[in-house]
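Trainee: Provided below are the primary sequence and the corresponding predicted coordinates.
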Amino acid sequence: MPDMSEDSRSRTVSVIALVLTTTMWGLSFISTKVLLRHLAPIQVAFLRHAIASVATWIAVAVARPRIRVSLRDLPAMLAAAIVGIPIYYYFENTGLLYLSAATASMITASTPAMTAAIESILYRKRLPAAGWVGILVSATGVALVVQSGAAQAAAAGAAGRSHFLLGAGMLLASAFAWSLYTIFNRPNVTSYGALTTNAYQITFATIVLYVASLRNGIPWGEIASSPDILLNLGYLGIFCSAAGYLLYLSALRSLGPTLVSAFINLVPVFGVAGSALILGERVTLVQLMGGAIVILGIFAVGRTQGDS
């Protein structure tokens with residue numbers, strides 16, 4: 001019985017951590033949208049993770065976790081980092097150039113369904129029929145959000161529609177990348193813990209993003225003179241990346257990929273509300289219906305999954 005109590009407490013803490021994380025991530029679309037007025041997508045990704053790297057290593061210095069990683073495990077850990085950070089943020093930030101923050105957050109809600117499907121295929125993990133129905137329902141909701149947004153964009157002409165569809169495709173690609181990051185990272189956090197895994201991955205990703213950003217350069221003068229840029233970069237780096245990844249990976253260790261990713265459906269709740277209140281973005285009834293269908297599908301998937 002003590003073990004069950006300990007397990008229950010661990011799961012409760014993980015759920016609280018995930019709610020806090022998805023709140024921060026929902027609002028992150030707003031900060032990213034603001035920063036894209038001043039910086040290129042790759043610059044935003046590099047700067048937020050440079051800040052996150054510093055914050056993460058300060059946490060390592062304070063907590064002093066086991067920091068040595070086996071050379072045998074390092075390639076897989078760094079590969080997950082590449083998929084989940086540079087590749088993910090390339091697609092997300094570029095997609096946000098063409099989409100509203102609210103629409104982007106709703107499309108991102110397809111991540112849990114993708115995670116369940118990919119995990120089922122890669123690891124031959126049996127997904128009940130109700131789970132596949134949930135995935136289909138979720139995909140229908142995403143299609144509704146995309147179709148509604150595309151119809152709105154078409155009012156601006158063919159270019160508006162094509163830009164919207166490009167942005168939607170980018171966000172779906174980012175959701176796929178995050179699904180792989182979640183699945184591939186469970187062995188890492190099981191072996192080395194969330195903080196050590198995060199420290200290695202976020203540092204490696206920052207180096208990759210720095211090299212990728214060299215082509216555009218970094219407008220340090222503009223950044224230093226703009227409180228708006230500094231505030232939003234600080235929020236993304238410290239809260240959304242350093243703290244957010246740590247909380248997410250900690251929960252992944254105890255709950256497993258499918259259940260952890262199911263909480264991503266909370267991101268559009270906070271993303272849509274924040275976008276409307278802060279950016280004044282308008283969300284159509286059809287898009288809200290599509291977002292609700294996505295969440296309904298995810299709950300159907302989540303109910304079929306026990307601890308992985």
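Mentor: Good, I have the coordinates.
Trainee: Could I get the full set of helices for the stretch 201-308 of the chain?
Mentor: For the stretch 201-308 of the chain, helices defined by DSSP state H, counting those that start in this stretch occupy the ranges 220-224, 227-234, 244-255, 257-262, 267-274, 285-303.
Trainee: Please identify the deepest-packed of these.
Mentor: Most buried of the helices of the stretch 201-308 of the chain by mean neighbour count (mean count of other Cβ atoms under 10 Å) is helix 257-262; its value is a mean of 26. For glycine as for every other residue, the C-beta is placed from the backbone atoms N, C-alpha and C.
Trainee: host element of residue 77?
Mentor: helix 74-82 (DSSP states H and E).
Trainee: which element follows that helix toward the C-terminus?
Mentor: Past helix 74-82, heading to the C-terminal end, the next element that is a helix or strand (DSSP H and E) is helix 88-95.
Trainee: That next one vs helix 74-82, what angle?
Mentor: Computed by axes from the mean of the first three to the mean of the last three Cα atoms, to 10 degrees, the angle separating helix 88-95 from helix 74-82 equals 10 degrees.
Trainee: Would you map the helices across the stretch 1-150 of the chain?
Mentor: Chain-ordered helices for the stretch 1-150 of the chain, with DSSP H, counting those that start in this stretch as the definition, fall at 2-35, 41-63, 74-82, 88-95, 101-108, 111-122, 129-154.
Trainee: Output those in JSON lines, with mean neighbour count and mean pLDDT appended to each entry.
Mentor: As requested, the helices of the stretch 1-150 of the chain are exported to JSON lines (neighbours: other Cβ atoms under 10 Å; pLDDT from 0 to 100):
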{"stretch": "helix 2-35", "mean neighbour count": "17", "mean pLDDT": "83"}
{"stretch": "helix 41-63", "mean neighbour count": "20", "mean pLDDT": "95"}
{"stretch": "helix 74-82", "mean neighbour count": "17", "mean pLDDT": "95"}
{"stretch": "helix 88-95", "mean neighbour count": "22", "mean pLDDT": "94"}
{"stretch": "helix 101-108", "mean neighbour count": "29", "mean pLDDT": "81"}
{"stretch": "helix 111-122", "mean neighbour count": "22", "mean pLDDT": "82"}
{"stretch": "helix 129-154", "mean neighbour count": "19", "mean pLDDT": "73"}
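Trainee: Would you reformat the ones you listed as JSON lines and include distance to residue 175?
Mentor: Compiled in JSON lines, the helices of the stretch 1-150 of the chain are given as follows (distance: least, Cβ to Cβ, whole Å):
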{"stretch": "helix 2-35", "distance to residue 175": "13"}
{"stretch": "helix 41-63", "distance to residue 175": "16"}
{"stretch": "helix 74-82", "distance to residue 175": "16"}
{"stretch": "helix 88-95", "distance to residue 175": "9"}
{"stretch": "helix 101-108", "distance to residue 175": "6"}
{"stretch": "helix 111-122", "distance to residue 175": "4"}
{"stretch": "helix 129-154", "distance to residue 175": "9"}
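Trainee: For residue 161, find the nearest of these.
Mentor: Between residue 161 and the helices of the stretch 1-150 of the chain, the tightest spacing by Cβ to Cβ is seen for helix 129-154, at 4.2 Å.
Trainee: what's the following helix or strand after that closest one?
Mentor: Sequence-wise, the next helix or strand beyond helix 129-154 is helix 158-192, with elements assigned using DSSP H and E.
Trainee: For that next one, buried residues please.
Mentor: Residues 161, 163-165, 167-168, 170-186, 188-189, 192 are the ones in helix 158-192 that count as buried (16 or more other Cβ atoms under 10 Å).
Trainee: helices and strands around that helix, which ones?
Mentor: helix 74-82, helix 88-95, helix 101-108, helix 111-122, helix 129-154, helix 194-213, helix 244-255, helix 257-262 (3 or more Cβ pairs under 8 Å, 6 or more residues apart in numbering; DSSP states H and E).
Trainee: Just want the angle from that helix to helix 194-213.
Mentor: Using the same axes, to 10 degrees, helix 158-192 lies at 140 degrees relative to helix 194-213.
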